[in-house]
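*Asks:* below: sequence and its predicted model.
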Amino acid sequence: MNELEVQQKKLFDDLRHFDENGNEFWFARELQEALQYTQWRNFQKVISTAQIACKISQQAVADHFAEVSKTIAMPKGASKKVPDYKLTRYACYLIVMNGDPRKEVIAWGQTYFAVKTRQQELAELYEQLSEDEKRLFIRGDIKQKNMLLAEAAHKAGIITNQEYAAFQDSGYRGLYGGLTARDIAENKGLQSGEEILDFMGSEELAANLFRITQTEAKMRRDGTDTPAKANAAHYEIGTIVRKAIKEAGGTMPEDLPTPNKSIKELESETRKQIKPKKD
């Protein structure tokens, strides 16, 4: 084990606790600090997404995310109780897999909490999921990968919202045979402000995930350093993915059906299912 691996291991080992039965666990608020989330409300969003992933993997959420409270000091000697969680190793894994991938410490956490083993298990689980569960699964992955793509675009000089919209349209035009994001939204009958990725089935989401990951990889590999080059790279990868779909005899993404429920609706329904009932 090299020095970096030792450092990574120590970071998470030092946060580990053991219950009266010798079972290991981590406190969410301590993990929040280690993963460099300054505000609990932002980390809570990651936990919420991780809980949805836990339910999708057919695990009991309460077994992995046990709600507890923590007393913290306040000014003038006062104190108050705040919500916290006792997390299993699996819960921690799901949290780091849904955290901000641009943080180096997130990569450390993914290594520590046995990513490769879990990736194989999740790949096997994926085949057993329902269509809606697959949509939630892929959409969560896209949210992470889009962060990396946005960072690559920023490094290439794409700064304004207008520039980023043009960059995104380049990828969509390549994948959707010339259609822009607005065209795709109109075809799906979406209202203003509705996110087109939230109204895609699993097959369409998978095509877009491939577009996103391969564009980011190409830009990083090529050292893309101008908006023009970034747009060209995104369009090129979009056309490559479209060609692969055609050669495989698949349905073009613009011809795939639009699901009745959005991702946000599915997430809301899932959160209600995993929310503990009050006595």
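*Replies:* Alright, I've got the coordinates.

*Asks:* which helix or which strand is home to residue 66?
*Replies:* Secondary structure assignment for residue 66, by DSSP states H and E: strand 65-73.

*Asks:* which parts of the stretch 51-200 of the chain are strands?
*Replies:* Secondary structure of the stretch 51-200 of the chain by DSSP state E, counting those that start in this stretch: the strands cover 65-73, 79-87.

*Asks:* who are the packing partners of the last one?
*Replies:* Judged by 3 or more Cβ pairs under 8 Å, 6 or more residues apart in numbering; DSSP states H and E, the packing partners of strand 79-87 are strand 24-27, helix 28-34, strand 65-73. Any C-beta I mention is one placed from the backbone N, CA and C, and that applies to glycine too.

*Asks:* JSON lines for the ones you listed, including mean pLDDT?
*Replies:* Below are those laid out as JSON lines (pLDDT from 0 to 100):
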{"stretch": "strand 24-27", "mean pLDDT": "94"}
{"stretch": "helix 28-34", "mean pLDDT": "95"}
{"stretch": "strand 65-73", "mean pLDDT": "86"}
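
*Asks:* I'd like those laid out as TSV, including distance to residue 183 and mean neighbour count.
*Replies:* TSV is the format used below for those (distance: least, Cβ to Cβ, whole Å; neighbours: other Cβ atoms under 10 Å):
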stretch	distance to residue 183	mean neighbour count
strand 24-27	46	18
helix 28-34	41	18
strand 65-73	41	13
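
*Asks:* want to throw those into CSV with distance to residue 111?
*Replies:* Output for these, formatted as CSV (distance: least, Cβ to Cβ, whole Å):
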stretch, distance to residue 111
strand 24-27, 16
helix 28-34, 14
strand 65-73, 22
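
*Asks:* show me where the protein has helices.
*Replies:* Per DSSP state H, the chain carries helices over the ranges 3-13, 28-34, 40-56, 61-64, 89-97, 104-112, 115-126, 131-155, 161-175, 181-187, 202-222, 227-247, 263-274.
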